[in-house]
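A.B. asks: Pasting a predicted model and its sequence here:
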Amino acid sequence: MQARIVNKLDRPWLWGVLSFAWMAVIYALSDRPAVDYDGVDDLTSWLPFASSIAHVGLYFVLSMFVFRTITITKRLGFGMTAYLTLFTALAFGVLDELHQSNVEGRASEATDVVADVFGAVLVVVFWFGLRKYRSNASG
């Protein structure tokens, strides 16, 4: 029964839709003017690098969806899947920062793009570690 459920969830189109839906969430968050985030700044003032942590988290989720989409297709090796995941995070991060620079009170920052790519790197490292662990456990 459980294998049947997992097989139904392992559809590239499903993970692709999740990837684009998450991109829409990120776009919607960056489309809001700075005034809308004044309360958030007050709440997170105690947390150093709160904005960077948020970027890492958002792009970690996006990169998980993208990585899974590519992995399920089984057409590319691990290395190319990792590169495409990192490239997607970089490209969307740059485009998101360009878009955000045109939003009232918001600015485009290179450190945000670095945090975005770091979220993707965490996904690739996690998957690489999981792959290593599985190969050591089975052999």
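C.D. replies: Sure thing, it's come through. Residues are numbered from 1 along each chain as shown.

A.B. asks: Sketch out the low-pLDDT regions of this structure for me.
C.D. replies: 1-6, 41, 139 (pLDDT under 70).

A.B. asks: Can you check which helix is longest in it?
C.D. replies: helix 110-138 (DSSP state H).

A.B. asks: Enumerate the positions of that one that are buried.
C.D. replies: 112-113, 115-117, 119-124, 127 (16 or more other C-beta atoms under 10 Å). C-beta here means a position set from N, CA and C on the backbone, and glycine is covered the same way.

A.B. asks: by contact count, what packs against it?
C.D. replies: helix 50-73, helix 78-100 (3 or more C-beta pairs under 8 Å, 6 or more residues apart in numbering; DSSP states H and E).

A.B. asks: just how off-centre is it within its chain?
C.D. replies: In terms of C-alpha atoms, centre = their mean, to the nearest Å, the centre of helix 110-138 is found 11 Å from the chain centre.

A.B. asks: cool, and stretch 108-122?
C.D. replies: With C-alpha atoms, centre = their mean, you get 10 Å for stretch 108-122.

A.B. asks: repeat for stretch 21-35
C.D. replies: That offset, for stretch 21-35, works out to 14 Å (C-alpha atoms, centre = their mean).

A.B. asks: Enumerate the positions of it that are buried.
C.D. replies: For stretch 21-35, using 16+ other C-beta under 10 Å, the buried residues are 22-23, 26, 30.

A.B. asks: OK, contacts around the nearest residue to residue 67 once chain neighbours are set aside?
C.D. replies: The shortest distance from residue 67 to any non-neighbouring residue, by C-beta to C-beta, 6 or more residues apart in numbering, is to residue 85 (4.6 Å). The neighbourhood of residue 85, defined by C-beta atoms under 8 Å, 6 or more residues apart in numbering, consists of 63, 66-67, 70, 120, 123-124.
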